[in-house]
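Asker: Sequence plus predicted model, see below.
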Amino acid sequence: MMTSPWTAIHVAGIGQQAVACAPLINKPDPLIPGIDLWDYWPVQEEDGSQAVIAGGTLFILLSAPAMADPEARHGMARLRLMHRVGARWRDLGLLFDDGFSPGSREWSGSAIVSADHGQVTLYFTAAGVRGEETLSFRQRLFETRAKLTVEDNEIAFSPWSVPVEMVEPDGEVYVRDMEGGGAIGTIKAFRDPAFFHDPANGECLVFFAASLAQSASFWNGAVGMARRAADGTWQALPPLITADGVNNELERPHAIVHQGRYYLFWSTQRKVFADGGPAGPNGLYGMVAEEFAGPWRPINGTGLVFANPPQAPFQAYSWFVLPDLTVQSFVDMTGLADPPADAGQARRHFGGAPAPELRLAIDGDRVWLA
């Protein structure tokens with residue numbers, strides 16, 4: 001299995017092509033008054049498809065009270081469970097009891113339901129350390145399980161099992177110190193575990209956003225990987241994709257198989273590309289391979305699948321592609337051509353709710369918005 005680089009030459013090609021852009025989004029009404037929602041994912045079958053549960057889809061979302069500055073949500077993020085039937089969303093409350101998480105807050109992950117729909121396994125990021133007085137950016141990957149019951153369309157989980165840490169950064173391949181600088185876009189990554197079952201050999205993997213320990217560059221983002229062993233434990237593997245010297249954050253990486261090819265996707269933002277080098281817009285990016293072992297090539301020759309529209313470059317983020325080529329994301333800053341000038345402007349423009357779903361079309365290495 002080889003590590004494939006996403007390079008400055010690939011990124012420079014973005015400016016030489018017509019960039020596909022998502023349609024404009026209007027600021028939505030909040031799904032839950034007084035609560036911001038972002039970075040969400042469906043409970044999936046092992047093959048990656050959305051599981052149909054109680055006539056709809058269970059989603060896990062990051063949530064926080066709506067504060068004066070929406071950026072402050074990251075320091076208060078808690079996992080929340082919601083159920084969607086058609087266009088109707090129902091809030092099922094916080095996923096974990098207070099004091100359950102090993103972290104001071106909870107960040108993104110993925111969730112898989114068993115074949116009999118009797119159990120859900122959750123992979124999530126614990127950010128910080130429970131009880132810390134000053135928020136840190138330590139990030140750890142955890143696995144936990146709960147029994148799922150549905151009676152008369154009422155959904156219930158048993159108490160979650162004690163979270164087990166999956167893999168740890170070793171300081172040799174993956175960075176241990178996550179602080180980075182503390183500012184948004186500068187912290188380092190060991191987060192966003194996304195489960196993937198390889199149909200070719202039955203292996204179970206997780207991808208995660210990572211940072212390269214041996215890099216000489218501040219911009220040392222990567223897509224990390226771990227494999228589940230026969231005894232159920234996880235073994236860290238070398239990164240699948242690197243963006244050394246190019247980009248600091250390849251966020252929420254995840255993969256699908258389509259017509260026999262592998263497609264790996266991630267989200268990133270213009271502000272986390274290397275200073276002085278080529279940069280791409282806020283958008284969905286990815287690579288493609290005939291075999292999981294690689295080599296992996298940038299989708300569309302550059303890696304960019306589609307971007308936010310130029311008149312609203314921050315309108316959505318955290319895209320998640322499903323095997324049926326549906327794309328889910330959340331509404332970030334609507335109606336702004338430039339970053340918000342202050343917290344007040346950010347609050348007025350922040351969506352904090354699921355975005356309208358999009359759909360991809362794929363032909364080999366070419367991927368575009370259908």
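Answerer: Arrived safely, thanks for sending.
Asker: CA only for contacts and neighbour counts going forward, please
Answerer: Fine.
Asker: now Glu172, what's its secondary structure?
Answerer: Using DSSP: H, G, I helix; E, B strand; the rest coil as the criterion, the local structure at Glu172 reads coil.
Asker: mind checking how far the closest residue in space to it that isn't next to it in sequence is from Glu251?
Answerer: With sequence-adjacent residues excluded and distances taken as Cα to Cα, 6 or more residues apart in numbering, Glu172 is closest to Ala213, at 5.5 Å. As defined by Cα to Cα, to the nearest Å, Ala213 lies at a distance of 17 Å from Glu251.
Asker: C-terminal to the longest helix along the chain, what's the next element?
Answerer: The longest helix of the chain (DSSP state H) is helix 343-349. Taking DSSP states H and E as the definition, the helix or strand that follows helix 343-349 towards the C-terminus is strand 350-354.
Asker: what comes up buried for that next one?
Answerer: 350-354 (16 or more other Cα atoms under 10 Å).
Asker: and if you look at stretch 267-287?
Answerer: Residues 267-274, 278-287 are the ones in stretch 267-287 that count as buried (16+ other Cα under 10 Å).
Asker: Val257 and Tyr263 touch, don't they?
Answerer: Yes - using Cα atoms under 8 Å as the test, Val257 is close enough to Tyr263 to be in contact (6.2 Å).
Asker: how about the helices of this structure, start to end?
Answerer: Assigned helices in the chain, in chain order: 8-12, 343-349 (criterion: DSSP H).
Asker: hmm, who's touching the first one?
Answerer: Where contact means Cα atoms under 8 Å, 6 or more residues apart in numbering, the residues beyond helix 8-12 that reach it are 245-246, 277-280, 298, 301-303.
Asker: Need the mean per-residue confidence for it.
Answerer: Averaged across helix 8-12, the pLDDT comes to 98.
Asker: and the longest strand belonging to the chain, how far out from the chain's middle?
Answerer: As far as residue count goes, and with DSSP state E defining each element, the longest strand of the chain is strand 139-151. With Cα atoms, centre = their mean, to the nearest Å as the basis, strand 139-151 stands 18 Å off its chain's centre.
Asker: Packing partners of that strand?
Answerer: Applying 3 or more Cα pairs under 8 Å, 6 or more residues apart in numbering; DSSP states H and E, one finds that strand 139-151 makes contact with strand 119-127, strand 154-157, strand 164-165, strand 190-197.
Asker: Select from these the stretch with the lowest mean pLDDT.
Answerer: Summarising mean pLDDT across the helices and strands packed on strand 139-151, the least confident stretch is strand 154-157, with a mean of 94.
Asker: out of Ala213 and Glu251, which sits in the more crowded spot?
Answerer: Glu251 (27 against 18; other Cα atoms under 10 Å).
Asker: what sits against that one?
Answerer: With contacts defined as Cα under 8 Å, 6+ apart, the neighbours of Glu251 are 192, 208-209, 266-268, 318.
Asker: Go through those residues and single out the one with the most neighbours.
Answerer: Neighbour counts for the contacts of Glu251 were taken using other Cα under 10 Å; the highest belongs to Phe208, which has 29 neighbours.
Asker: just checking, it touches Met225?
Answerer: Yes - between Phe208 and Met225 a contact is recorded at 6.2 Å, counting by Cα under 8 Å.
Asker: dump the residue contacts of Trp219.
Answerer: Counting by Cα under 8 Å, 6+ apart, Trp219 has contacts 243-249, 272-274.
Asker: Go again with 7 Å.
Answerer: With Cα atoms under 7 Å, 6 or more residues apart in numbering as the criterion, the residues that contact Trp219 are 244-248, 274.
Asker: Backbone dihedrals for it, please?
Answerer: Note on Trp219: its backbone torsions stand at phi -90, psi 90 [degrees, to the nearest 10].
Asker: ok, for it, nearest residue in space, not its chain neighbours?
Answerer: Asn248 (4.2 Å).
Asker: do you know how far the one you found is from Ser217?
Answerer: Looking at Asn248 against Ser217, where the rule is Cα to Cα, the gap reads 9 Å.
Asker: Great, nothing more from me.
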